[in-house]
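> this one's sequence-less:
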């Protein structure tokens, strides 16, 4: 593998697609008419790997063959659609199990036929394939899917079947703490193949950031936005043989958002010439990076830090960098509103501040509102009520942390338009340098 870019090949209806030099895998008889009902096949597999029984890594869902049909608007319902799956070339090599009885699937010889009613869309898994004893590893032929129905164009798809499977791994990374908002974090994608079968068609690396933005630097990668992107896609040509592992020759840098407390930067490695609804690929027109192209260099992928995904080992693997910023120590008061009529005594919940450990709060009531003391032990619930301050005047003292929350009981003595008080979360400037957001407003909503 080298650092040049390989084009991502998307399988879409009425578009001829070749995979590893083979013939087009999707066809529509006569082309789809401009009007009338029509169906599309979405996210179909081009290559279908069947792990051998002695595979070194167990995969509990290796061979589910999922079919997704979508009806074209404004004809959302297409009844009595016949899906014909020809498995003839697999005789003596692989056999189907788990037939989908819910969609009236049945076998006649090596032909499986399913009857489906498509209401806007239909997703079903008619079978999974398992290798027959003694099946030779390598290409086993192609299965073909034919979709036909009354008044709709016929759609076909072919999938190459391979006995044996790659096991894609991604290098796992530990969580980072103490990241300052605005600081950059580097993440270097690394991946390998721990299976018994190589990947010839290339590899795609998808990078995604949450509560952070990516620096748009790698010239052969696409980004979702020209400014402050949060997603990137880089495509690399094959092969990725068994036992091989690579890392990118430069990292991705993600800058934590100014307001971030927790965030995530992740990358997913998948076979380039497969499409799946689970992974959002970027269009060819997406902005490119502004710097040098990103390349690959060999690494040792045999360590425990290189791990496959839990399921579908031949399809993708993911690595996640979770991070906490120093903002988690930034205590932030949360305001609240007292609601009631003049003359009423009401309770209002005093929200705990964000990022609290052991909240202590001081509440200054709005003008026209007075504190009602609720002595401890005089109520049956687990709630804790604010108490008068030590001087008997000034802000009320509100303590936590209790299961039922912290409340304040007040009397609305008179109506004062625009009256505002405050709730102040108590903290020391050494542990919480940003004291400006420790105070929030307390307002009054008169209900009558």
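That came in fine, so what should we check first? Just so it is clear, the model here is predicted, and its values are computed rather than measured.
> ok, which stretches of the stretch 201-350 of the chain are strands?
Remark: strands assigned in the stretch 201-350 of the chain by DSSP state E, counting those that start in this stretch are 203-210, 212-214, 221-223, 231-236, 245-248, 252-256, 262-271, 296-298, 306-307, 316-325, 336-340, 345-350.
> list of residues touching the second one?
Judged by Cβ atoms under 8 Å, 6 or more residues apart in numbering, the contacts made with strand 212-214 from elsewhere in the structure are 185, 207, 223, 228-232, 252-257, 260, 263, 265, 323. From N, CA and C alone the C-beta is placed, and that goes for glycine too.
> each with direction, which strands does that strand pair with?
With DSSP bridges as the test, strand 212-214 is paired with strand 252-256 (antiparallel).
> check which residues of the strand it pairs with are buried.
Of the residues in strand 252-256, 252, 253, 254, 255, 256 count as buried by neighbour count, 16 or more other Cβ atoms under 10 Å.
> so that strand versus strand 231-236, what angle?
Per axes from the mean of the first three to the mean of the last three Cα atoms, to 10 degrees, the angle that strand 252-256 makes with strand 231-236 is 170 degrees.
> begin at 583 from here
Yes, from this point I'll number from 583; that puts the last item at strand 834-838.
> out of the strands of the stretch 783-932 of the chain, which one sits most buried?
strand 803-805 (a mean of 24; mean count of other Cβ atoms under 10 Å).
> what does that strand rub up against?
Under the criterion Cβ under 8 Å, 6+ apart, residues 796, 798, 811, 813-816, 864-866, 868-871, 876 lie in contact with strand 803-805.
> flag the shaky bits of the protein, pLDDT-wise.
Scanning the chain with the threshold set as pLDDT under 70 gives 583-617, 635-645, 681-685, 857-860, 961-964, 983-987.
> can you list the domains in it?
Residue ranges for the domains of the chain, per automatic domain parsing: 614-745, 750-908, 912-1028.
> can you get me a residue count around residue 746?
Look at residue 746: counted by other Cβ atoms under 10 Å, it has 22 neighbours.
> next: residue 1017.
By other Cβ under 10 Å, the residues close to residue 1017 number 14.
> got it, and residue 706?
Residues near residue 706, counting by other Cβ under 10 Å: 16.
> check the secondary structure at it for me.
Judged by DSSP: H, G, I helix; E, B strand; the rest coil, the three-state class of residue 706 is strand.
> so it sits right up against residue 696, yeah?
Yes. Using Cβ atoms under 8 Å, residue 706 is in contact with residue 696, at 7.1 Å.
> where's residue 885 relative to residue 827, distance?
Shown here: residue 885 relative to residue 827, a distance of 9 Å by Cβ to Cβ, to the nearest Å.
> cool, residue 948 as well?
For residue 948 relative to residue 827 (Cβ to Cβ), the value is 64 Å.
> show me the contacts for residue 870.
Going by Cβ under 8 Å, 6+ apart, the list of residues near residue 870 reads 801, 802, 803, 804, 805.
> going by distance to residue 1010, which of those residues wins?
Taking Cβ to Cβ as the measure, residue 1010 lies nearest residue 805 of those, at 42.0 Å.
> what's the burial count for the closest residue to that closest one other than its chain neighbours?
Of all residues not flanking residue 805 in the chain, residue 811 sits nearest, at 3.9 Å (Cβ to Cβ, 6 or more residues apart in numbering). Residue 811 has 22 neighbouring residues, counting by other Cβ under 10 Å.
> now swap in residue 877 and tell me
What residue 877 shows, counting by other Cβ under 10 Å, is a neighbour count of 17.
> with the one 10 residues further on instead?
Residues lying near residue 887 (other Cβ under 10 Å) number 14.
> list the contacts for it?
753, 754, 755.
> possible to save those residues as a markdown table with distance to residue 702 and secondary structure?
Shown next, in a markdown table, are those (distance: Cβ to Cβ, whole Å; DSSP: H, G, I helix; E, B strand; the rest coil):
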| residue | distance to residue 702 | secondary structure |
| --- | --- | --- |
| 753 | 40 | strand |
| 754 | 39 | coil |
| 755 | 40 | coil |
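> most neighbours, which of those?
Ranking the contacts of residue 887 using other Cβ under 10 Å puts residue 753 first, with 22 neighbours.
> list the contacts for that one?
771, 772, 773, 829, 883, 887, 888, 901 are the contacts of residue 753 under Cβ under 8 Å, 6+ apart.
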